[in-house]
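J.: predicted model and sequence below, questions to follow.
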Amino acid sequence: MCSDPDVTTVQMNGTEDYIIIACDGLWDTVSPEEATQCIVAHLKEGKGIQVKTFTNDQNSISVPLFSLDNIDSVSQKLVTLAKEKGSSDNITIIVVFLKPIENLVNITLLKLVG
C-alpha cells in the first residue's frame, strides 16, 4: 500500500469532451482508448436518450432529448468493463463532462447518420 498518488498534469486546449478520473482498479485493466470507446458506445446506444415527437397540422418531427436521470450509468459501464477484463481491485470512477451532455449526444447521433 502506498499513500503517494499517481498524478498527471495535462494541458487542455478546449477540444476535450470529458475527463475520466479513476483509480487503478480501472486503469490496470482498461486502456484510455478502451474507456473512450466505452463512453462513445454508451452514447450511441442511446442510454439516457428519450425521443420526443412534436407534431402540428402539417409536420411531425422526432427529437432526441437526453435524460440526466441516466447519466450515472456512464461510470457504471466503465466499472462493468473493468470487472469483465479481470479487475479485482476497488474501482472508483468519476466522469466529468466538460460540454453539455445534449451537445455530445447530438454530435454522436450525427456521426451515426453521417
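T.: Yes, it's here.
J.: rest of the way, CA atoms for contacts and neighbours
T.: OK.
J.: this protein: strands as residue ranges?
T.: Here the chain has its strands, by DSSP state E, at 18-22, 49-55, 60-66, 93-97.
J.: closest one to residue 30 among those?
T.: strand 18-22 (10.7 Å; C-alpha to C-alpha).
J.: who does that closest one touch, helix- and strand-wise?
T.: When contacts are defined as 3 or more C-alpha pairs under 8 Å, 6 or more residues apart in numbering; DSSP states H and E, strand 18-22 packs onto strand 93-97.
J.: by mean pLDDT, which helix or strand of the protein comes out lowest?
T.: helix 101-113 (a mean of 65; mean pLDDT, DSSP states H and E).
J.: re earlier: redo the strands of the chain as TSV? Include distance to residue 82, mean pLDDT and mean neighbour count.
T.: What follows is these, written out as TSV (distance: least, C-alpha to C-alpha, whole Å; pLDDT from 0 to 100; neighbours: other C-alpha atoms under 10 Å):
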stretch	distance to residue 82	mean pLDDT	mean neighbour count
strand 18-22	11	93	15
strand 49-55	24	71	12
strand 60-66	26	69	14
strand 93-97	11	93	15
